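Q: Below are the sequence and a predicted model; questions follow.
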Amino acid sequence: MLTPPSAEVLASAATDVAEIDRNLNRIAHLAYHARQHGLLRKLAGVPLERSAVVLLRQIADSEPLRPGELANLLAVEASHITRQVQQLQKAGYVTRVPDPDDRRAQRIQLTAAGEDAVVRIREVSCRSMRRALEGWSPHELRRLTAFVDRMVDDVLSAIDASDGREAAVPHHTP
């Protein structure tokens, strides 16, 4: 029979979780800081606001989806996605296509310009990340990747469980 963890172990774990939370918030802030985003826009040549870039990358990762499905994946209101899709469509980055499962519904798909924009955004973003992690060994990078993948899966599972629904996205299994 397993013995329950001591108060000291529980306190240490709580401190570790708080530190992880703090650092993730710092990374998110730094990654989406206005100055950093401005540099991304300039280098990638994609004149979009941050939320539109996030949506464009999500569409590329999972297209084609209905706007409501995109809202679930990004944990935002459907009206937000509708406005963003309209802007992306007007800019020529996405198009609406009939849903093969329900002709009354539409799915959002990247255009050739949208695909090109995502490639440029990812190239600039990855180049920046490579510079930030240039002192890391290949082994450290693989371990970080595995831990981050696992953490994302666990966070998504916790969100799905708290919402009382099935997983919104297929979870990655390393």
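A: Yes, it's here. If you're wondering where the values come from, they're calculated on a predicted model, not measured in any experiment.
Q: residue contacts, residue 140?
A: Contacts for residue 140 (C-beta atoms under 8 Å, 6 or more residues apart in numbering) come out as none. Glycine gets a C-beta too; all of them are placed from N, C-alpha and C.
Q: make it 10 Å
A: Residue 140 sits next to residue 133 when contact means C-beta atoms under 10 Å, 6 or more residues apart in numbering.
Q: Check which residues of the strand or helix carrying it are buried.
A: Assigned by DSSP states H and E, residue 140 belongs to helix 138-163. By neighbour count with 16 or more other C-beta atoms under 10 Å, helix 138-163 contains the buried residues 153, 156, 160.
Q: Nearest to residue 101 among those?
A: Among these, residue 160 lies closest to residue 101 (C-beta to C-beta), at 22.1 Å.
Q: mind checking the longest strand of this structure?
A: Longest strand in the chain, counting residues (DSSP state E): strand 102-110.
Q: How far does that one sit from its chain's centre?
A: How far strand 102-110 lies from its chain's middle: 22 Å, per C-alpha atoms, centre = their mean, to the nearest Å.
Q: tell me which strands and helices the helix or strand that it is followed by is in contact with?
A: Counting by DSSP H and E, the next helix or strand C-terminal to strand 102-110 is helix 112-132. Using 3 or more C-beta pairs under 10 Å, 6 or more residues apart in numbering; DSSP states H and E, the elements in contact with helix 112-132 are helix 7-31, helix 34-44, helix 50-62, helix 78-90, strand 94-99, strand 102-110.
Q: Switch those over to CSV; also include mean pLDDT, mean neighbour count and distance to residue 132.
A: Shown next, in CSV, are these (pLDDT from 0 to 100; neighbours: other C-beta atoms under 10 Å; distance: least, C-beta to C-beta, whole Å):
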stretch, mean pLDDT, mean neighbour count, distance to residue 132
helix 7-31, 76, 10, 10
helix 34-44, 71, 14, 11
helix 50-62, 90, 18, 19
helix 78-90, 93, 16, 28
strand 94-99, 95, 16, 30
strand 102-110, 92, 15, 27
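Q: could you dump the ones you listed to TSV with distance to residue 118?
A: What follows is those, written out as TSV (distance: least, C-beta to C-beta, whole Å):
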stretch	distance to residue 118
helix 7-31	17
helix 34-44	9
helix 50-62	4
helix 78-90	11
strand 94-99	11
strand 102-110	7
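Q: Relative to residue 145, which of the ones you listed is closest?
A: Ranking the helices and strands packed on helix 112-132 by proximity to residue 145 (C-beta to C-beta) places helix 7-31 first, at 14.8 Å.
Q: mind giving me the domain ranges of the protein?
A: As recorded under automatic domain parsing, the domains making up the chain are 32-132, 136-174.
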